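**Q** need a structure here:
(chains A and B)
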Amino acid sequence: MDPSAGGTWNMAVDCALLKSVSNGGSPVLRLYSWKPPAITIGYFQIRDEETDLRLCEKMGIDVIRRITGGGSVYHDNEITYSITAPADNKKFGASIIDSYRIICGAIVSVLRQFKIDAEFAPINDIVVKGKKISGNAQTRREGVLSQHGTLLLSVDKPRMFSLLKISREKISDKGVSDASERITSIEEQLGPDALSYGFISEFSNLLIDKLGSIFEVEFDYVGLNSDETDFAKKIEKDLFKNAEWNDKRKKWA
Amino acid sequence: MIEKYYEYKPPREKLIKIHMKTDGFYILGIMITGDFFILPEQGIDPIESSLLDSSLDSKEILSRVNSAIMKNGIELVGVSSESLTEAIIRTVE
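**A** Residues are numbered from 1 along each chain as shown, chains lettered A, B, ... in the order given. All right, here's what the predicted structure looks like:
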């Protein structure tokens, strides 16, 4: 697991890994977490349409636009993964839909080992009894697929939903009137003690094994090399800390 | 010119939000946002551009969206040209 980092750095490292794989590097599974908490929005979203930007700023929470589509996510106590691999390697999925099925399927299978009744909910979610526990997003560019996703460990729902703006239309087909009813976490599923008893390391090890066997890859534990670090620093500054990128899609004045 | 906004969540697809400027006859400006996926992501630009000056007729809108998709090798995931058209039509209704 990478050391906890802020949102701009976390997103920059995923970009650096994408570049590294596009230059011929090996497939990478990255596991990471967020400190301080941050919000990411999808490529096609508008920051102040999806979040209470003023409150986020007051609370020191960065709101960062991802290079992937999908929806807004409040990242706090969660495990986040990213998988970066050559797009022409069919073991990782011949299409974006295929990759969601394969990678989310591996996460589902690991969660079931903890007796969590998880299932893949196409297009890109994992749910437990209809409640979302994991969201996932993927891009394919430069001959590389890069998919990242979350697993909620515990969630402060009042905080999450004071920062995120969820439209009624979005949950119109979910059978709930309040978006917070549609979310669950490991803590909610396994009880408050679960996280103190090594869940994170056990889950991480099982996921590494599962994905390694599916992709027929033996993952080595390595950090970023100097080229990747340099690129991550550059892209963090040029994109994720840059208002021009984050507000590329903006409400009309 | 008036500005219109509409949210549409088609069954089994992602949320589409339409921001539109129209004179009641033609699309004068459009921004399509939401939690869908478009590959390559920059493909949203030719889709939006293709809709400028379109009439508000659903056949013309669908044809313009499909043509932009074909021309630019765009893949839609969690959204379709039909649901984009439907969202635009609902925005002006």
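**Q** excluding its backbone neighbours, what's nearest A:Asp247?
**A** What sits nearest to A:Asp247 in space, not counting adjacent residues and going by C-beta to C-beta, 6 or more residues apart in numbering or on different chains, is A:Arg47, at 6.1 Å. C-beta coordinates here come from the backbone N, C-alpha and C atoms, glycine included.
**Q** and A:Pro27, by the same measure?
**A** In space, and not counting its chain neighbours, A:Pro27 is closest to A:Ala85: 3.8 Å by C-beta to C-beta, 6+ apart.
**Q** so the one you found, which of the three states?
**A** Look at A:Ala85: counting by DSSP: H, G, I helix; E, B strand; the rest coil, its state is strand.
**Q** my guess is it contacts A:Leu145, does it?
**A** Yes - counting by C-beta atoms under 8 Å, A:Leu145 is a contact partner of A:Ala85 at 5.7 Å.
**Q** which residues do the two both contact?
**A** By C-beta atoms under 8 Å, 6 or more residues apart in numbering or on different chains, A:Ala85 and A:Leu145 have these common neighbours: A:Phe92.
**Q** which residues touch the residue minimising distance to the centre of chain B?
**A** For chain B, the residue sitting closest to the mean C-alpha position, by C-alpha atoms, centre = their mean, is B:Leu84 at 4.4 Å. By C-beta under 8 Å, 6+ apart, B:Leu84 lies in contact with B:16, B:32, B:47, B:61, B:65.
**Q** so which of those residues sit within helices?
**A** B:47, B:61, B:65 (DSSP state H).
**Q** closest to chain A out of those?
**A** Chain A lies nearest to B:Ile47 out of the ones in helices among the contacts of B:Leu84, by C-beta to the nearest C-beta, at 10.6 Å.
**Q** what's the helix or strand for the residue lying closest to that closest one once chain neighbours are set aside?
**A** In space, and not counting its chain neighbours, B:Ile47 is closest to B:Ala68: 4.8 Å by C-beta to C-beta, 6+ apart. Assigned by DSSP states H and E, B:Ala68 belongs to helix B:58-72.
**Q** what is the subsequent helix or strand relative to that helix?
**A** Per DSSP H and E, the first helix or strand lying C-terminal to helix B:58-72 is strand B:75-77.
**Q** any residues of the stretch 151-253 of chain A in contact with chain B? List them.
**A** Counting by C-beta under 8 Å from any C-beta of the partner chain, the positions of the stretch 151-253 of chain A adjacent to chain B are A:167, A:169-170, A:172-173, A:249, A:251-252.
**Q** those residues in strands, which ones?
**A** When these are checked against strands (DSSP state E), there are no matches.
**Q** including pLDDT and neighbour count, could those residues go into JSON lines?
**A** Formatted as JSON lines, those follow (pLDDT from 0 to 100; neighbours: other C-beta atoms under 10 Å in any protein chain shown):
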{"residue": "A:Ser167", "pLDDT": "81", "neighbour count": "15"}
{"residue": "A:Glu169", "pLDDT": "75", "neighbour count": "14"}
{"residue": "A:Lys170", "pLDDT": "76", "neighbour count": "19"}
{"residue": "A:Ser172", "pLDDT": "70", "neighbour count": "15"}
{"residue": "A:Asp173", "pLDDT": "70", "neighbour count": "11"}
{"residue": "A:Arg249", "pLDDT": "90", "neighbour count": "19"}
{"residue": "A:Lys251", "pLDDT": "81", "neighbour count": "13"}
{"residue": "A:Trp252", "pLDDT": "82", "neighbour count": "10"}
